[in-house]
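A.B. asks: Sequence first, then the predicted structure, then my questions.
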Amino acid sequence: MLAIEWYLPVIVFVLIIKTGSGKNCSSITQCRCHKLEQKLFADCSDLNLETAPYFPDDVVGINFSKNKFSNVPQSLPKNLLFLDMSNNKLVLLDNGSFSRYKMLQNISLSRNTLREVSIGTFAWNSHLRNLDISFNRILTIEAMYNVTHDLQSSKIRTLNFEKLQCTYGVSQLMRVYHVGFLRHTQLTELNIASNRLYSLETGFLNVLPKSLRILNIADNKLGFGMFIFEFSVLPNLEILNVSFQESFHQVGMNGDFFENCNDTKVATCNCMNNNKYMYESNPASKNSTISLEGFSKPSANYSFYLPRNLQKLYYHDNLYKMSLPEFPMGLNNSLTHIYLQRNIIYEVIGPITGLKRVRYIDFSGNFCKFIAKSFFIPFVGLEILNLSNNALSQMFESDENGDFFQSQRRLTDLDLSLNRIAHLPGHVFQHNSKISRLNLSFNSLSDFNVKINHMKHLSQLDLSHNQLTQLSKNVRASLDAIATRNIKVYLLGNNLKCICGTLDFLKWLRDSKSIYFVGINNYTCLFENASAASFNEIGQIVQVLERKCSSYTLIIVLMTTLIIVTMTTTVSRILYRYRWKLRYMYYVAKEKYKSETHSCEEKDRSSFRFDAFISYAEEERLFVFKLVKYLEEKCNLRLCIHHRDFIPGTGIADNITNAIHCSRHTVCFMTSHFLQSHWCMFELNMARMEAIYARSGQNVLFLVALEKGTMKHLPLQLMDLVDSNSYLEYPGEESGIEIAAFRTKLGETLASGSD
C-alpha cells in the first residue's frame, strides 16, 4: 500500500530460510533449516506452535511467524540475532521478554494483539538495529514513548510504528515526547504511517535524529500546519512519504468498525506536563523543542526549504481538492523524484521554482483541467513526465508553438494518455528532441500529423485506442527516417480503414522492416461495406485493394480528363463566341474614368465629339485624306482619323475604343487590305459592339466598299452587317459625276443628326 522502500533484514532472513536445507536445526522436523555464511537459520513459521521447540546454540535466526505464541519463548539460544514473532497472539511485553537475548539485532512483533509494551522491554538489547511492532492496532501511539525510551542508547537503524491505532476513531496528534529519546540515535528509517494523525506537534521533526534517511507518515489525516516548515531540519532525509492522507478506508464486515480502539490510553509518563522527564538522560536536549512564539507570519516573499538531501517525495493518493499556486522552493535541495499521482489537483498555476534537479514527475490521475504554460519552465532537468488520466485536452490542442514543454530539452519519457485529446498541433513537441517513449493512447485523436522527425531517440510510440484511420504520409516518412533501430508503434483499438485512400498506409504497414507494430495480428480494419478484416491477413487485404483501386484509378483519371476537356472546350467556345463583346467591355471599362471618356458622357447622348470615326487601311491613306478634307471643309463635319486625332502615348486599342465611343458614326472603307489588317478588323468589330451594346442597336456603322467584290470576303460572323444594313460602293475614278454624288451622299448621311 505504501510507496516507500521499507524493508527489514528480518524479511530478507525469512525469504532466505524458506528455501530449506537438509540440516536438522530443531527438535521438530517441521522446522526448515538453512545455513548462510556459516550461520544457521530456522524457519518454524505457520506450524500452530504454542511452545518453542529445542534449538542448538549455533542457531542465530528463528522465524516463529504465524503461530500461537502468547509470550516470547525463554528457551531459545542466548546468542540469537534474528527473531520473527509476527502474527502470533502476544498481548504484553515487559522487561523480561527479551532480557535473555542481549545480542538480538532484528525483532519483528507485527500483527499481534499487543496492548502494552512496558518500559524496559528492550533495555537489554543495545545491539538492536531493526524493530517492527507495526499493525498492533490497540497498542496506540502512546507505546512509542516506552519503546523509544529503551532504544536511546541502542544501535537502532529502522523503526516501524505503522498502524498502532485502529482504523476508525478520533484523530491523533503526534507529540514530541513520542520520539524524543531517538534524538541522539543513528536511526535511518522511521515509519509512523496509518495512525490517524491529524498533525505533528511543533518541534516533533526537530527532535528526530539527523541521521534519518527515510520518513513514512503516509495514510494519516495530516493537513497543512507549521510542521511543514520543519522538514528542512532533517539534513540527511532522502525519502519522504506523505501519501494517502485523508484516504477512505472501506468499512468491512469483519468487525473492524466495532473493535475496541483503546483511544483513552494515556502515556506512562507525565510527559504532557513535565518535558524535563523526557530529556533527563540527555540534558543537552532540554531546550530543543520549538515554540510557535518564534514564528512570525510569512511575508509575501518567502521560500519553502526542503531537506537538502531529499531525493524522493511521495505525495500521491491524497483526498485534497486543491490548486497549486506559486510556490518558491529553496535552491539548496537535491530533489529528483516527485510522485503526485491520484490526488485532486484540479488546477496548476505555479510556478514552483528551485527544482532544477527534478528528473521524474508523476502527475497522473489528478482530474486536472488547467496547467499554466509557465509551470514547467523551472523544471529544466525533467526526463520522465506522466500527465496521464487528466483533462488537459484544451491545453495541448491550443499549444501551436510547443510552449508547454519548451524547457524540457532532456525529456525522454512523456505520457499524455487518457486526456481526451482530439487534436495535437504539428509543433507541440518541437523542443523535445530526446523523447524516447511517447504515450498518447486512450485519447480521441482522429489524425496524428505531429512533427517527430527530430526525435532521433524515439523507441516507442503508443497511439493505441484513438480514432485514427491511418497515419499521415509525413509521420510515416518521419518514422522511416529515424528508424535506425526498431521502433515500437502501438495502433491497436483505432478505426483503421481498408479503403483506397489508406492503401499506401496499409502497404507501409506490410513492408516496414525497422518498425515493429505491437500486436499487429490483433489489428482490424473496416471496408467500405462495414465488414471487418484482421491484419493477420494484411497481404490479402492489400492485394484486394490494389485490384479494386486500380480500376477506380483508371475511371477517375478518364472522368477527370473528360471533365477537364469538356469544360475547357465549353469555356473556349464561349470566350471565342463573345470575344469581341468581352474585349469591348474591357476597353470601355478601362477608359470610363478617363477625362476623354467623361467629356463624351457628360454631354447629351445626341451630341458627340466627332461626327464619324474613319477606319481605313494604310494603303488607302491618301484617298481617305482627300475625302476627309472634302467632308470637313464642304460638309462642316468633325471627323476622327487615327493619323491625326489619336492621343500619343495611349495604347492603340484604347485610342480606337475611345474614338468609336466618342463618335456618332463609324465609317469603314472596305478593301482587301482592310480585311487583312488586324487593327482594321479590330475597329470594325469594336464599332459593331458599340452599335449593339452602347447605342441600343442604332445604325451607327457604315461600310464603304472601295473595291468591287470586297463584301463577299467578309468573315461569316460579319455577314449580318451586309444582310441587315445597306452599304455604299465607291463608283471609281472614271466617273466624276458619280464620285461627286458619292461624296455628297456620304456627307449628308454623316451630317444627319449632327446639329
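C.D. replies: Cool, the structure landed.

A.B. asks: need the longest helix for the chain.
C.D. replies: Of all segments of type helix in the chain, defined using DSSP state H, the longest is helix 538-577.

A.B. asks: Counting by contacts, list what that one packs against.
C.D. replies: Packing partners of helix 538-577 (3 or more C-beta pairs under 8 Å, 6 or more residues apart in numbering; DSSP states H and E): helix 503-511. Using the backbone N, CA and C atoms, a C-beta is placed for each residue, glycine as well.

A.B. asks: how about a cut-off of 10 Å?
C.D. replies: With contacts taken as 3 or more C-beta pairs under 10 Å, 6 or more residues apart in numbering; DSSP states H and E, helix 538-577 sits against helix 503-511, strand 532-534, helix 579-591.

A.B. asks: between these, which has the poorest average model confidence?
C.D. replies: For these, the weakest mean pLDDT is recorded on helix 579-591, namely a mean of 67.

A.B. asks: What helix or strand is the most centrally placed residue in the chain located in?
C.D. replies: Centroid-nearest residue in the chain, with C-alpha atoms, centre = their mean: Phe396, separated by 4.3 Å. Assigned by DSSP states H and E, Phe396 falls within helix 393-397.

A.B. asks: From the rest of the structure, what touches that helix?
C.D. replies: With contact meaning C-beta atoms under 10 Å, 6 or more residues apart in numbering, helix 393-397 is reached by 368-373, 387, 404-405, 416, 419-425, 428-429, 440, 443-444.

A.B. asks: Okay, buried residues for that helix please.
C.D. replies: Of the residues in helix 393-397, Ser393, Met395, Phe396, Glu397 count as buried by neighbour count, 16 or more other C-beta atoms under 10 Å.

A.B. asks: now do stretch 616-626
C.D. replies: For stretch 616-626, by 16+ other C-beta under 10 Å, it's Tyr616, Ala617, Glu620, Val624.

A.B. asks: Stretch 317-335 too?
C.D. replies: Buried residues in stretch 317-335, defined by neighbour count with 16+ other C-beta under 10 Å: Asp317, Asn318, Leu324, Met329, Asn333, Leu335.

A.B. asks: And the residue nearest to the centre of the chain, how far from Asp403?
C.D. replies: 11 Å (C-beta to C-beta, to the nearest Å).

A.B. asks: Please enumerate the shared neighbours of these two.
C.D. replies: Common neighbours of Phe396 and Asp403 (C-beta under 10 Å, 6+ apart) are Val428.

A.B. asks: Now do the strand or helix carrying Val628, average pLDDT.
C.D. replies: Val628 belongs to helix 621-634 when assigned by DSSP H and E. Across helix 621-634, the average pLDDT comes to 87.

A.B. asks: So which elements touch that helix?
C.D. replies: Contact analysis of helix 621-634 by 3+ C-beta pairs under 10 Å, 6+ apart lists strand 610-615, strand 639-640, helix 642-645, strand 663-670, helix 736-751 as its packing neighbours.

A.B. asks: For Pro715, list the residues it contacts.
C.D. replies: So Pro715 contacts Leu675, Met681, Leu684, Asn685 (C-beta under 10 Å, 6+ apart).

A.B. asks: Excluding sequence neighbours, find me the nearest residue to the first one.
C.D. replies: In space, and not counting its chain neighbours, Leu675 is closest to His713: 5.7 Å by C-beta to C-beta, 6 or more residues apart in numbering.

A.B. asks: what's the distance between the one you found and Asn389?
C.D. replies: With distances taken as C-beta to C-beta, His713 is found 89 Å from Asn389.

A.B. asks: Equivalent analysis for Ser752, please.
C.D. replies: For Ser752 relative to Asn389 (C-beta to C-beta), the value is 95 Å.

A.B. asks: The two: which is more packed in?
C.D. replies: Counted by other C-beta atoms under 10 Å, Ser752 and Asn389 do not tie: Asn389 has more neighbours, with 20 against 11.

A.B. asks: Can you check which of the helices and strands packed on helix 621-634 gets nearest to Arg100?
C.D. replies: Taking C-beta to C-beta, helix 642-645 is the member of the helices and strands packed on helix 621-634 nearest to Arg100, at 136.3 Å.

A.B. asks: Tell me the buried residues in that closest one?
C.D. replies: Buried residues in helix 642-645, counting neighbours by 16+ other C-beta under 10 Å, are found at His642, Asp645.

A.B. asks: what is the mean pLDDT for that helix?
C.D. replies: Helix 642-645 shows an average pLDDT of 86 in the prediction.

A.B. asks: Run the chain-centre distance for that helix.
C.D. replies: 75 Å (C-alpha atoms, centre = their mean, to the nearest Å).

A.B. asks: Quick check: next helix or strand after that helix?
C.D. replies: helix 652-661.

A.B. asks: distance between that following helix and the chain's centre?
C.D. replies: 66 Å.

A.B. asks: Equivalent analysis for stretch 470-480, please.
C.D. replies: Between the centre of stretch 470-480 and the centre of its host chain there is 19 Å, according to C-alpha atoms, centre = their mean.

A.B. asks: residues in contact with that stretch?
C.D. replies: Under the criterion C-beta under 10 Å, 6+ apart, residues 426, 447-455, 458, 461, 463, 487, 489, 491, 494-497, 499, 501-506, 508-509, 512-515, 525 lie in contact with stretch 470-480.

A.B. asks: buried set for it?
C.D. replies: Gln470, Leu471, Val475, Arg476, Ser478, Leu479.

A.B. asks: again with stretch 658-674
C.D. replies: For stretch 658-674, using 16+ other C-beta under 10 Å, the buried residues are 658-671, 673-674.

A.B. asks: same thing with stretch 43-58?
C.D. replies: So for stretch 43-58, counting by 16+ other C-beta under 10 Å, buried means Asp43, Cys44, Ser45, Leu49, Ala52, Pro53, Phe55.

A.B. asks: roughly how far apart are the fifth one and Leu114?
C.D. replies: Separation of Ala52 from Leu114 (C-beta to C-beta): 19 Å.

A.B. asks: Asn332: what's its closest spatial neighbour, skipping adjacent residues?
C.D. replies: Among residues not flanking Asn332 along the chain, Arg308 sits closest, at 5.2 Å (C-beta to C-beta, 6+ apart).

A.B. asks: oh sorry, the question was meant for Leu81
C.D. replies: Closest to Leu81 by C-beta to C-beta, 6+ apart is Val60, at 4.5 Å.
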